[in-house]
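K.L.:
Sequence and computational prediction follow.
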Number of protein chains: 2
Amino acid sequence: MKALILAVGDEVLSGRVVNTNASFLAGELEKLGIETIKHITIGDNEKMLRSEVAEFINSDIDILITTGGLGPTHDDFTKEVICDIFNKEMELKDVAYQTLVNYFGDHFAKSNMKQAYFPVDSIVLPNPIGTAHGCIFEGLGKKVILLVGPPFENTLMFNLGVKPYLESLFEEKLLIKEYTIMGAGESKIEDYLSDFFKEYSDIAINPYASMGKIRYQITTKASNEARFIECNKKFEELMDPYIVSCNNEPIEEVVFKKLKELGYTISFTESLTGGMLASTLINVSGSSEVIKESLVTYSNEAKIKYLKVKEETIDKYNVASMEVSREMADGLYELTNSDVCISTTGIAGPTGGVDGKPVGLTCYTIKVKDKYLTKEKVFKGDRNQIRLRATMYILYELYKILKEI
Amino acid sequence: MKALILAVGDEVLSGRVVNTNASFLAGELEKLGIETIKHITIGDNEKMLRSEVAEFINSDIDILITTGGLGPTHDDFTKEVICDIFNKEMELKDVAYQTLVNYFGDHFAKSNMKQAYFPVDSIVLPNPIGTAHGCIFEGLGKKVILLVGPPFENTLMFNLGVKPYLESLFEEKLLIKEYTIMGAGESKIEDYLSDFFKEYSDIAINPYASMGKIRYQITTKASNEARFIECNKKFEELMDPYIVSCNNEPIEEVVFKKLKELGYTISFTESLTGGMLASTLINVSGSSEVIKESLVTYSNEAKIKYLKVKEETIDKYNVASMEVSREMADGLYELTNSDVCISTTGIAGPTGGVDGKPVGLTCYTIKVKDKYLTKEKVFKGDRNQIRLRATMYILYELYKILKEI
């Protein structure tokens, strides 16, 4: 089955809003085994909308998914125009009307009223956080899915209403497994797995890389279950040290759960990462159970004042050194008594690099109870990328240690 | 003048890569007064590429900008196919050939050689950080611009080569001014400015909103200079309390410069923001001059231990209170003696909200020398958005105070 994704809206066309809906939808369609043929973005322009829909009707593409133009203003006409082209009779749909009443009370602007009308034979797609509903209808041998534009509402609407509908179109279910991979780059892993890819060429194995991690998705049809299980097992064997989760959980969530399970507390003393490690972990709800206090010791003075790092260690080895990171972790333990004490120091750049101490150098210590891991590693990118990559990598290293306990 | 932006590449079509090039290019074209008519994304599919380019040639659109497909592999054929359609004679271009030699040495793969060939009458667009060059040529009454796909290279190539070319097409230069606005939402500001927009309807005034800030761009033709100056002056008058920069500088950079200028040091003690304020400021290169130490005091114990917050204050007012934030700032000053001491406490959610203390409640104190600002404000969004919005807003509040000194 083939799909076309059509974004309607001046704000996307003019570049004010990045079209993340298109990539989200294309990714979801791929999981369902539906091939996206094209993305198109046009403005709030009725003539162009009519022309694109006419072209779709004359094409061999099965599904049209539109995003945007379902609001109450005169610029919002995606539904009205497309239903007109498909010659659909409209009716007031209770579920949509009720949403408007709940939101605005009994008296709402006439312009909003059109948001309650949908084709008689359509499935109305609920929007739990807005007044604009979407819909699905069939006609002229095509399937048409009208979705809202705001990405958060778009995602919800797709997951709640569209996914079940599309799944029902296939007699055969798809088997899907996702792995989050950290600790190695995409090209290195693609090389490492090249024989594996050949061996399982009958199964879709797709990487989705983002800062500091790669999500691998393994997909096949239900009839291929034995091979699917075998493929997953082999993947887990090959990638064991790099797999941090099988359900899209971010590394901070995985680390938090491990710490909680062990009853461990954690503190950071951050120079290079400057609060990013603490802030990342604190983004997990409930993290107050494991992280009680943390320090940003950016200057030498702060390292000496709070952590009792020795001036001579700084003078002898440089502040960006494993020796200083070790003393920082020790000092942090003295101060906080936390089960896990992590320190970072290094050179975030763009200046400050010297021979043997390049920009991106990150020295870190992970002290868990009385065991130490002290390492240095050079991360690439601009200042922010270096700090972000270091943060992700150190959380990954911590995860590896906690996993063994 | 009208433009079409055509992305070519399976990775964009499948959603693995978000098409940020399209929004960047559309935004830049708008600044130059060029109207983007449509964005299209197709895969690495020669037949579809031919069909899209043929449609472009038959349309009233003046400029085609493609992204992607300029690499060395068999999947990269954007240039070859389009030059074939436009019947362009190709030749080896020295500047491109030299890049390949510099990168690979004298002996490089035959597949790379095609990257050195361009239409005889084309402008070759340099790529300072990759081997794939772009080009500009004219033919069949159209202008064609072929750009690389990777966003960072794409941006560089546009700024270095395409912008000057497009500017040269206009006899008249454009006047552009950009303002970064913080401290108020887009709809509030749009309402507030509605008379101003009417008064200056001959001038393009466009908002670009992102997390916690809005960039306003004012654009007009050089012949309209008197009105442009008047319009900017009026905008500055109306928006004075909200303007944080006129050159796209982020708030942390503006705050850092102010602190440095005043010779002030700064420390944070962060509960709700959990290190995000320190981490954001530390992202400015050179920030070690102003931020020496900072604390993440997430638990009540940490607030008591480091900052001498009184247990009775926590019991009486709740830890998420202005009273506790005030004691935190005082304690931070005792500990660090910093000129600026900032504290945050509150309820980041998703749970923990109670009557009168909703999720999103942020209590903060900004102590500058012996002056205090203690406030509370409720931010919306998920846990991460609340923390991010609070961070941006507090930096904005600090900026307002520093500006007056």
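P.N.:
Yep, that arrived.
K.L.:
ok, longest helix in chain A?
P.N.:
Longest helix of chain A, by residue count under DSSP state H: helix A:383-403.
K.L.:
A:Met328 against A:Leu307, yeah?
P.N.:
Yes. Using Cβ atoms under 8 Å, A:Met328 is in contact with A:Leu307, at 5.0 Å. Placement of C-beta: from N, CA and C, glycine included.
K.L.:
residues contacting the closest residue to A:Lys308 other than its chain neighbours?
P.N.:
In space, and not counting its chain neighbours, A:Lys308 is closest to A:Gly331: 4.8 Å by Cβ to Cβ, 6 or more residues apart in numbering or on different chains. Residues in contact with A:Gly331 (Cβ atoms under 8 Å, 6 or more residues apart in numbering or on different chains) are A:Thr269, A:Lys303, A:Tyr306, A:Leu307, A:Lys308, A:Val309.
K.L.:
Nearest to chain B: which residue in the stretch 301-405 of chain A?
P.N.:
A:Ala302 (3.6 Å; Cβ to the nearest Cβ).
K.L.:
With the stretch 101-250 of chain A instead?
P.N.:
For the stretch 101-250 of chain A, Cβ to the nearest Cβ, closest residue to chain B: A:Tyr208, 5.5 Å.
K.L.:
SS state for that residue?
P.N.:
strand (DSSP: H, G, I helix; E, B strand; the rest coil).
K.L.:
Equivalent analysis for A:Thr131, please.
P.N.:
coil.
K.L.:
tell me which residues form a beta bridge with A:Arg215?
P.N.:
A:Thr180, A:Tyr208 (DSSP bridges).
K.L.:
what's the spacing between it and A:Met90?
P.N.:
41 Å (Cβ to Cβ, to the nearest Å).
K.L.:
Could you do A:Glu35 as well?
P.N.:
With Cβ to Cβ as the criterion, A:Glu35 and A:Met90 are 31 Å apart.
K.L.:
show me what contacts A:Asn21?
P.N.:
A:Ile5, A:Ala7, A:Thr67, A:Leu147, A:Gly149, A:Pro151, A:Asn154.
K.L.:
Among those residues, which pair sits farthest apart?
P.N.:
A:Ile5 and A:Pro151 (13.4 Å; Cβ to Cβ).
K.L.:
Compare the two and say which one has the larger neighbour count.
P.N.:
A:Ile5 (28 against 15; other Cβ atoms under 10 Å in any protein chain shown).
K.L.:
how does chain A divide into domains?
P.N.:
Domain assignment for chain A by automatic domain parsing gives A:2-169, A:174-245, A:251-403.
K.L.:
tell me the angle the one helix or strand in chain A whose mean pLDDT sits lowest makes with helix A:383-403.
P.N.:
Least confident helix or strand, chain A: strand A:204-210 with a mean of 78, by mean pLDDT, DSSP states H and E. Strand A:204-210 runs at 120 degrees relative to helix A:383-403, counting by axes from the mean of the first three to the mean of the last three Cα atoms, to 10 degrees.
K.L.:
And strand A:204-210, what's buried?
P.N.:
A:Ala204, A:Ile205, A:Tyr208, A:Ala209 (16 or more other Cβ atoms under 10 Å in any protein chain shown).
K.L.:
ok, the second one to A:Ile243 distance?
P.N.:
According to Cβ to Cβ, A:Ile205 stands 14 Å off from A:Ile243.
K.L.:
With the first one instead?
P.N.:
Remark: distance between A:Ala204 and A:Ile243 (Cβ to Cβ) = 18 Å.
K.L.:
Likewise for the third one?
P.N.:
Distance from A:Tyr208 to A:Ile243, counting by Cβ to Cβ: 15 Å.
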